[in-house]
Every structure is written in structure tokens, then in C-alpha cells.
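J.: Test case, fold it:
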Amino acid sequence: MTVADGKPEHTTIPPFRSDGCLPEGVHLCSDAEAVFRFGSGNLRRRRLALRLRRWVELARQIGARRLLLDGSFVTAKPDPEDVDAVVFLPHNFVQEIERGEEAALELEGMLLSRQPEELFAAEDEADWLAWVEFFSRTREPDRRRKGLVEIRL
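T.: Now for the predicted structure:
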């Protein structure tokens, strides 16, 4: 579940609901827990987990504040199409780029080129909360709420 500021209350990933989504809220976990839970079922999931591991590594290297996961990767779908992620950039991200920090340059390149297209950035708390709200709804006609995962950085 989440509190008003979008910060997760729980520190484990709950079971899927009957519709294959996580229960509503932002569920906090380690990167190892996320990879174990979502990235080991088949070859497609393992490939998405490799992408996720690189994003986690870059997020840690730049001092990102938070990393949010969504997409069919965090559902019960046997063959997920993607793993969506939002990295909450540190206040000094622009300075890291100006200093030529490799991780910041690589991440900036991904964000600007939209390659991969599933990686997004939040520059401030308002951005973060907007992404949480956006990803908390399904694409189904009823737009029901669903759960997300936040990796501890």
C-alpha cells in the first residue's frame, strides 16, 4: 500500500490478484527479490531481468533516489512484453553529466534517445507522483488500480 507521498509501506512483494496484477500500492523490495520473483520464469523474463539489472546498476552509480517498476514484467503474464521503469534522478544529475560521469552519460543517452523506450525519468517529487499515478492503472476499460514495485537503491 502507499501513503500520501507515494512512499511504499510494505517491504515484500505480495501474491498476484486473480487478474494477474499485484495488489494496489507500491511494494518495496531489493533488486535481488525483484529479479527472483519476476525475472526467472523463462528466457524472455531472464532477458528483461538483465535489462533491469543494468538500470539498477546505473541508478545506484548516479545516486538516484528511487526506482519504480511496472509493465507486464511485474504481472503473472507468462511472456511479458516489457519492463517499464522510472528512475528518480538525483538533484546533481546535470552536474554528473557535465563532469562526464560514465553512468550519468549512459543513462542520459537512454533517456534522450528513448532506447530502451520503457525507461523514464522523474526529476522531482511531482514527476515521481505523476508516474506512480499513471502506472497504477491498468489499460483495461475499467482502468482499475494495480500494484507497482519499487526497488531499494
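J.: Can you pull up the most central residue in the protein?
T.: When the chain is reduced to its mean C-alpha position, the nearest residue by CA atoms, centre = their mean turns out to be residue 69, at 2.2 Å.
J.: if I've got this straight, that one is in a strand?
T.: Yes. Assessed with DSSP: H, G, I helix; E, B strand; the rest coil, residue 69 lies in a strand.
J.: pLDDT at the residue lying farthest from the centre of the chain, what is it?
T.: Outermost residue of the chain with respect to the C-alpha centroid, by CA atoms, centre = their mean, is residue 99; its distance is 26.4 Å. On pLDDT, residue 99 comes in at 98.
J.: Residue 56 versus that one, what's the distance?
T.: For residue 99, the distance to residue 56 equals 22 Å [CB to CB, to the nearest Å]. For glycine as for every other residue, the C-beta is placed from the backbone atoms N, C-alpha and C.
J.: for residue 22, same thing?
T.: In this view, residue 22 and residue 56 are 19 Å apart by CB to CB.
J.: if you count what's nearby, which of those two comes out ahead?
T.: In this view residue 22 and residue 56 are compared by other CB atoms under 10 Å, and residue 56 has more residues nearby, 23 against 20.
J.: wait, isn't that one in contact with residue 153?
T.: Yes. Taking contacts as CB atoms under 8 Å, residue 56 lies within contact range of residue 153: 7.4 Å.
J.: list residues touching both of those two?
T.: Counting by CB atoms under 8 Å, 6 or more residues apart in numbering, the common neighbours of residue 56 and residue 153 are residue 67.
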